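[1] I would like the atomic coordinates for the input below:
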Amino acid sequence: MKHCFYKCIFDVILNQSMNQEQKKKSAKKPWPTKAAMEQVYEMKLWGTKGTSKFYSGEGSHDQEIVGPYKQAILSFFKRIHTPLVVCDLGCGDFNIGKDFVSSTKKYIGVDIVEKLIKHNQNTFQDSNLEFYCLDIATDALPMGDCVIVRQVLQHLSNTEIQKVLPKLTKFKYIILTEHLPNGVFVPNKDIISGQGIRIKKQSGVDVLAAPFDLKIKTQTELNRIVLQHNKGVIVTTLYESF
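    Sure, this is the predicted structure:
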């Protein structure tokens with residue numbers, strides 16, 4: 001009897017302890033996006049290449065992905081008779097953006113990681129090139145004609161995306177690139193902002209779907225890369241604002 005009595009007490013205490021631990025876990029706040037992205041570069045979570053201190057991952061360096069994307073963006077710039085002021089949100093290590101600068105009136109690279117921006121300022125210099133360290137969800141954005149947001153929203157929570165989208169509509173042209181699942185999927189499943197993306201949940205960002213419901217004038221797909229081994233597709237879409 002004593003054994004059963006003490007076992008019951010132990011089970012009650014254990015359950016209470018587990019419940020308290022569960023509450024602590026559920027009460028944890030998401031890590032600030034700035035800190036999360038700083039860690040990505042400091043710990044090289046997206047990999048490394050050569051001696052560079054900063055590497056924005058295979059998606060910014062694999063020529064099978066990057067080459068067709070660059071061609072699509074440069075073709076768009078050529079179709080616009082007047083050179084544009086372009087704002088690149090989440091410019092990363094600038095392996096892609098560096099090839100767009102000469103085709104623009106002004107090119108503005110923006111990223112949330114301060115050390116990365118300082119590195120870019122020292123590494124890439126041109127008369128029509130500027131870099132700023134900004135949090136695109138909370139800070140005011142530079143003015144421009146065209147905004148490029150390449151595989152950035154996919155790392156943000158729905159709450160942060162909802163803060164970003166109204167700012168994008170101030171640009172005439174919005175060029176978004178997102179990593180999406182193959183085939184039909186449920187869009188905009190929520191995540192915590194950081195290194196990961198919605199692909200693990202068989203989801204992806206669709207700014208025209210709920211809860212975002214972005215209102216645009218026209219949309220045109222500029223580029224689509226089907227990844228090997230059923231790893232999804234990377235789709236670049238041009239939206240024209242009202």
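[2] Name the nearest residue to A210, ignoring sequence neighbours.
    Closest residue in space to A210, ignoring its immediate chain neighbours: N188 at 6.9 Å, by Cβ to Cβ, 6 or more residues apart in numbering. For the C-beta atoms, the positions are set from N, CA and C on the backbone; glycine is no exception.
[3] How many neighbouring residues does the one you found have?
    Residues within reach of N188, counting by other Cβ atoms under 10 Å, total 19.
[4] Do you know the pLDDT at it?
    Note for N188: predicted pLDDT of 98.
[5] Need the residue closest to the centroid of this structure.
    Geometric centre of the chain, nearest residue: V152, 1.2 Å, by Cα atoms, centre = their mean.
[6] for stretch 127-142, the distance to its chain's centre please.
    A distance of 15 Å separates the centroid of the chain from that of stretch 127-142, by Cα atoms, centre = their mean, to the nearest Å.
[7] Helix or strand with the lowest mean pLDDT in the protein?
    None of the helices or strands of the chain scores lower by mean pLDDT, DSSP states H and E than helix 2-27, at a mean of 46.
[8] what comes up buried for stretch 57-75?
    Under the neighbour-count criterion of 16 or more other Cβ atoms under 10 Å, stretch 57-75 has G57, G59, S60, H61, I65, V66, P68, Y69, K70, A72, I73 buried.
[9] now the second one, what's its secondary structure?
    Under DSSP: H, G, I helix; E, B strand; the rest coil, G59 falls in the helix class.
[10] from memory it sits against K231, does it?
    No: under the criterion of Cβ atoms under 8 Å, G59 makes no contact with K231, lying 10.9 Å away.
[11] about what we covered before: find the residue closest to the residue nearest to the centre of the chain in space, skipping its chain neighbours.
    G90 (3.5 Å).
[12] I'd assumed V110 was in contact with the one you found.
    Yes: taking Cβ under 8 Å as the definition, G90 is a contact partner of V110 at 7.1 Å.
[13] which residues are in contact with both of these two?
    Common contact partners of G90 and V110 (Cβ atoms under 8 Å, 6 or more residues apart in numbering): I136.
[14] from the chain's centre, how far out does stretch 169-188 sit?
    Taking mean C-alpha positions (Cα atoms, centre = their mean), stretch 169-188 and its chain are 11 Å apart.
[15] And it, what's buried?
    171-181, 185, 187-188.
[16] any idea which of those is the one closest to I80?
    I80 has its nearest neighbour among these in Y173, at 8.1 Å by Cβ to Cβ.
[17] Okay, and the beta partners of that closest one?
    Judged by DSSP bridges, the bridge partners of Y173 are C146, E240.
[18] Would you state the predicted confidence (pLDDT) at it?
    pLDDT, Y173: 98.
[19] try M1
    On the pLDDT scale, M1 gets 52.
[20] so who does the closest residue to L214 other than its chain neighbours touch?
    Spatial nearest neighbour of L214, chain neighbours left out: V207 (4.3 Å); criterion: Cβ to Cβ, 6+ apart. By Cβ under 8 Å, 6+ apart, the residues touching V207 are L153, I161, L165, L176, L214, Y239.
[21] tell me the SS of I225?
    Under three-state DSSP, I225 falls in the strand class.
[22] tell me the phi and psi of the closest residue to it other than its chain neighbours?
    The shortest distance from I225 to any residue other than its chain neighbours is 4.4 Å, reached at I234 (Cβ to Cβ, 6+ apart). Per-residue torsions, I234: phi -110, psi 110 (degrees, to the nearest 10).
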